[in-house]
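just the structure for this:
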Amino acid sequence: MSAPDPQLRSLYARLEEVLGAQHADVLMAHLSPAGDVATKSDIAAIRSDLGTLAGRFDGLEQRFDGLEQRFDGLEQRFDGAEQRFDGLDRRFERFEERIDSRLERMQEIIVSQYRAFFVVAASFMTGLTAVFGVMLAVFK
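All right, here's what the predicted structure looks like:
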């Protein structure tokens, strides 16, 4: 293993003496390079970013709460509209029943008037036939 830093080369040499080359390689492979180590300022920056994100999430949560309230209001309005439509349905059903009963009554009246018309027409025709028969008998 090659180590660019003199201190790391020194550490590797000592590890090789104590543990052997194979174990020293494994241990050195698990050590983080100097660039990958987090500093206190890195951690502070992350905490600051987390605080900012938490604030943004709180803002989003408040907006979602507002949307939820608006949807609840819409749901209540739709429930009210549904109740009004149910009321209109009942009124139309009663109206339809009244119209149906009136139409049935009109049908009965029309049928009875047609019957009366046909009785009068048949009687009139019978009377005319009788008059013509008498006239033919008299003038023959």
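
check what pLDDT residue 25 gets.
Confidence at residue 25, expressed as pLDDT, is 87.

and it, how far from residue 48?
Separation of residue 25 from residue 48 (C-beta to C-beta, to the nearest Å) stands at 39 Å. All C-beta spots, glycine's among them, are computed from the backbone N, C-alpha and C.

before we move on, what about residue 118?
Distance check for residue 118 against residue 48: by C-beta to C-beta, it reads 102 Å.

likewise for residue 97?
Residue 97 is 74 Å from residue 48, by C-beta to C-beta.

ok, now residue 30?
Per C-beta to C-beta, residue 30 is found 30 Å from residue 48.

okay, the two: which has more neighbours?
Set residue 30 next to residue 48 and count neighbours by other C-beta atoms under 10 Å: residue 48 wins out with 10 against 7.

next, the contact list for residue 67, please.
By C-beta atoms under 8 Å, 6 or more residues apart in numbering, residue 67 lies in contact with nothing.

quick check: which element contains it?
Residue 67 is part of helix 40-138 when elements are defined by DSSP states H and E.

any low-confidence regions in the chain?
Within the chain, the stretches falling below the threshold (pLDDT under 70) are 1-4, 32-37.

now with 80?
1-5, 30-39, 42, 140 (pLDDT under 80).

buried residues in stretch 16-34, which are they?
Using 16 or more other C-beta atoms under 10 Å as the test for burial, stretch 16-34 gives 16, 24.

then stretch 114-131?
Within stretch 114-131, no residue counts as buried by 16+ other C-beta under 10 Å.

just the C-alpha atoms of it, please, in PDB.
C-alpha atoms of stretch 114-131 as PDB (Å, rounded to 0.1, in the frame of the first residue of the first chain):
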ATOM      1  CA  TYR A 114    -115.600  10.000 -26.900                       C
ATOM      2  CA  ARG A 115    -118.000   7.400 -25.700                       C
ATOM      3  CA  ALA A 116    -120.700  10.000 -25.400                       C
ATOM      4  CA  PHE A 117    -119.800  11.400 -28.800                       C
ATOM      5  CA  PHE A 118    -120.000   8.000 -30.400                       C
ATOM      6  CA  VAL A 119    -123.400   7.300 -28.800                       C
ATOM      7  CA  VAL A 120    -124.800  10.600 -30.000                       C
ATOM      8  CA  ALA A 121    -123.300  10.200 -33.500                       C
ATOM      9  CA  ALA A 122    -124.700   6.600 -33.700                       C
ATOM     10  CA  SER A 123    -128.100   7.800 -32.500                       C
ATOM     11  CA  PHE A 124    -128.000  10.700 -35.000                       C
ATOM     12  CA  MET A 125    -127.000   8.400 -37.800                       C
ATOM     13  CA  THR A 126    -129.800   6.000 -36.800                       C
ATOM     14  CA  GLY A 127    -132.300   8.800 -36.700                       C
ATOM     15  CA  LEU A 128    -131.200  10.100 -40.100                       C
ATOM     16  CA  THR A 129    -131.400   6.600 -41.600                       C
ATOM     17  CA  ALA A 130    -134.900   6.400 -40.200                       C
ATOM     18  CA  VAL A 131    -135.900   9.800 -41.600                       C
END
